[in-house]
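Asks: Predicted model, plus sequence, below.
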Amino acid sequence: MAAAAAIAPLTGAQAQSADTWPNKIVKIIVNFAPGGSTDNAMRPFADRLSKVLGQQFVIDNRGGASGALGLEAAVRSVPDGYTFVATPSLTVTVLPNLRKLPIDVFKDLKPVSRFTDGTLLFALHPSIPANTIPELVAYAKANPGKLSWGTAGIGSQGHMMCEAFKAAAGVDILHVPYKGGGESLSDFLAGVHQIHADANTFPHLAAGKGKLLAVLDRQRHPDYPDVPLLQEFYPQIDFYAWFGVFAPVGTPDPIIAKFAATMAKIAEDPELIAQFRKLALKPNPSSPEQLAKTLRSDNDQYAALIKKLNMKAE
């Protein structure tokens, strides 16, 4: 787990601002619908923030446009420390490289904390007669265009994973974008599409509702040590999913620092860590400065990958 940077002591008016915040309800916009991994990651933090800071932190789901609508709503909010947005990395790193957004993620948002990392799962519906990545590739090549891959939307990590896999394996698979990971999961479980990569698939694997063929992460998942990393087959597919909290520009720095420090403290909760493990998530808090560096480096990485794959907004 990455260590959050130390927060420097505050003095004068800044200290007073941080000391009195929050003194009313704090709204956290989640830019995808309930049931997706962003919602699953933020809600447990919001519950604990309410208890630790003594004011209610409420979730406001604003799905649509691959998360861009939620970001825009946050940017248009009063920057007084009472509206934030929780987003998957896709909306602030991938999407801006696919199409023009109504906001500038570098100019209109202030990083608060990269608070959770997610494992991307290569899950296959049980109806498909393949149990390994090579078997799936052979099936896809024998049945071009028959398989479909559902994702949380254009520019999602699932979308990137789908296009990168198709290019690396040389297979024809249809990308099916949804408004969020919750809707995509429902159709995957029903067999409408056959491949799903969102972390929210994880709780359904033990019941046999999906076959886990590979994971996209830094190491194999401890609950499935025999399931290989996707990089073991295709080393060039080496990107990761994370979730971050941002604030509209103008939000006072002392409030952002206090928010980030509280998130880092909450992330050490053993109960939260155990809860997230069941969802293929890992608390991984950062300082605002660390998140700003990650935002920039990931934008550069995805810009190069999108150009290489010749991806277009569908």
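Replies: Structure's in. What do you need?

Asks: Show me where the protein dips below the pLDDT cut-off.
Replies: Along the chain, the parts satisfying pLDDT under 70 run over 1-16, 314.

Asks: Go through it and flag its longest strand.
Replies: strand 109-118 (DSSP state E).

Asks: Direction included, what does it pair up with?
Replies: Using DSSP bridges, strand 109-118 pairs in its sheet with strand 241-248 (antiparallel), strand 281-283 (antiparallel).

Asks: most packed of those strands?
Replies: Mean neighbours per residue, mean count of other CB atoms under 10 Å, is largest over the strands paired with strand 109-118 for strand 241-248, with a mean of 25. C-beta: built from backbone N, CA, C; applies to glycine.

Asks: next structured bit after that strand?
Replies: On the C-terminal side of strand 241-248, the nearest following helix or strand under DSSP states H and E is helix 253-266.

Asks: name the helices or strands packed onto that following helix?
Replies: Applying 3 or more CB pairs under 8 Å, 6 or more residues apart in numbering; DSSP states H and E, we find helix 253-266 packed against helix 12-20, helix 37-53, strand 109-118, strand 241-248, helix 288-309.

Asks: try 7 Å
Replies: helix 12-20, helix 37-53, strand 109-118 (3 or more CB pairs under 7 Å, 6 or more residues apart in numbering; DSSP states H and E).

Asks: Remind me which helix or strand the closest residue to residue 144 other than its chain neighbours belongs to.
Replies: Among residues not flanking residue 144 along the chain, residue 172 sits closest, at 4.1 Å (CB to CB, 6 or more residues apart in numbering). Per DSSP H and E: residue 172 is located in neither a helix nor a strand.

Asks: I figured residue 172 hits residue 146, correct?
Replies: No - using CB atoms under 7 Å, residue 172 is not in contact with residue 146; the gap is 8.6 Å.

Asks: Could you look up the SS state of residue 212?
Replies: strand (DSSP: H, G, I helix; E, B strand; the rest coil).

Asks: Residues contacting stretch 259-271, please?
Replies: Residues from elsewhere that reach stretch 259-271, judged by CB atoms under 7 Å, 6 or more residues apart in numbering: 4, 7, 45, 48-49, 52-53, 112-113, 115, 272, 283, 285, 287-288.

Asks: what does stretch 295-303 give?
Replies: Counting by CB under 7 Å, 6+ apart, 89, 92, 93, 94, 96, 97, 105, 111, 239 sit against stretch 295-303.

Asks: what sits against the closest residue to the fifth one other than its chain neighbours?
Replies: In other words, residue 96. Closest residue to residue 96 apart from its sequence neighbours, by CB to CB, 6+ apart: residue 105 at 5.8 Å. By CB under 7 Å, 6+ apart, residue 105 lies in contact with 92, 96, 295.

Asks: Name the member of those residues with the most neighbours.
Replies: When neighbours are counted by other CB atoms under 10 Å, residue 92 leads the contacts of residue 105 with 27 neighbours.

Asks: still on that earlier bit, starting at the chain centroid, how far to the longest strand of the chain?
Replies: A distance of 10 Å separates the centroid of the chain from that of strand 109-118, by CA atoms, centre = their mean, to the nearest Å.

Asks: so after that strand, what's the next helix or strand?
Replies: Immediately after strand 109-118, counting by DSSP H and E, sits strand 120-124.

Asks: now that next one and strand 241-248, what's the angle there?
Replies: Interaxial angle, strand 120-124 versus strand 241-248 (axes from the mean of the first three to the mean of the last three CA atoms, to 10 degrees): 130 degrees.
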